[in-house]
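Q: quick one: sequence and predicted model below, then my questions.
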Amino acid sequence: MVLFNLFVEFFKIGLFGFGGGYAMIPLMAQAVREHQWISQQQFTDIIAIAGSAPGPIATNTALFIGYQTSGILGAGIAAAGNLLPSLIMVLLLIKVITKNARSNAVNHSLYGIHPVITALILYAGVRMGIENDLFSQVADYPQYGIMALAIILFYKKVSPLWVIGLSGIAGILIYS
């Protein structure tokens, strides 16, 4: 039953999670809470690892959650459930968009989706911060320094690989 639930939940997430992997994080968090597959701390750790690992964060997260709940088979089922809707939609959208590439309605609708995707990503970050008491850890100033450094580096258009690497090194130096 767990394998079926993994497939169905990640299929729904893949189907309704517009905006890429980061926009899917709130949907994944809700599924994890509802089914109690893993703890909230484990979910946060998985997001951190999945975001740092090569490949799409949604697929990596599905793999990790599936593996934690049902081993290698669970990882494959969760990843397939997450990827299948995208594959189907892309194949359908290719036909629609190529036929209507010059349509203002198509271009305007795609443009209108951008702010929603940004809001979903921001929501995921704030929600994870609240659930992990990030904002109540007033005495943990180094953590805020690392966040500020990451924001500054992103603003200066430094490669995300450097930002992740430097943040990891800063965490090792500060917390070791």
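A: Perfect, I can see it now.

Q: state the mean pLDDT of the helix ranked longest in the chain.
A: Ordering each helix of the chain by length in residues (DSSP state H) puts helix 57-99 first. On average, the pLDDT along helix 57-99 is 91.

Q: repeat that for stretch 163-176.
A: For stretch 163-176, mean pLDDT rounds to 82.

Q: contacts for stretch 24-40 next, please.
A: By C-beta atoms under 8 Å, 6 or more residues apart in numbering, the residues outside stretch 24-40 that reach it are 2, 5-6, 9-10, 12-14, 16-17, 43, 46-47, 57-58, 61-62, 65, 68-69, 82, 120-121, 123-124, 127-128, 131-132. To be clear about C-beta, it is placed using only N, CA and C from the backbone, and glycine gets the same treatment.

Q: mind listing what's buried in it?
A: Neighbour-count burial for stretch 24-40 flags Met24, Ile25, Pro26, Leu27, Met28, Ala29, Ala31, Val32, Trp37, Ile38 (criterion: 16 or more other C-beta atoms under 10 Å).

Q: restricted to helices, list those.
A: Among the buried residues of stretch 24-40, the residues falling in helices (DSSP H) are Met24, Ile25, Pro26, Leu27, Met28, Ala29, Ala31, Val32.

Q: closest to Val90 among these?
A: Of all these, Met24 has the smallest distance to Val90: 15.6 Å, by C-beta to C-beta.

Q: Ala119 versus the closest one, what's the distance?
A: Met24 sits at a distance of 14 Å from Ala119 (criterion: C-beta to C-beta, to the nearest Å).

Q: one more: Ser39?
A: Note on Ser39: its distance to Ala119, by C-beta to C-beta, is 27 Å.

Q: also Gly66?
A: Per C-beta to C-beta, Gly66 is found 28 Å from Ala119.

Q: among these two, which residue is more densely surrounded?
A: Higher neighbour count among Gly66 and Ala119: Gly66, with 27 against 12, using other C-beta atoms under 10 Å.
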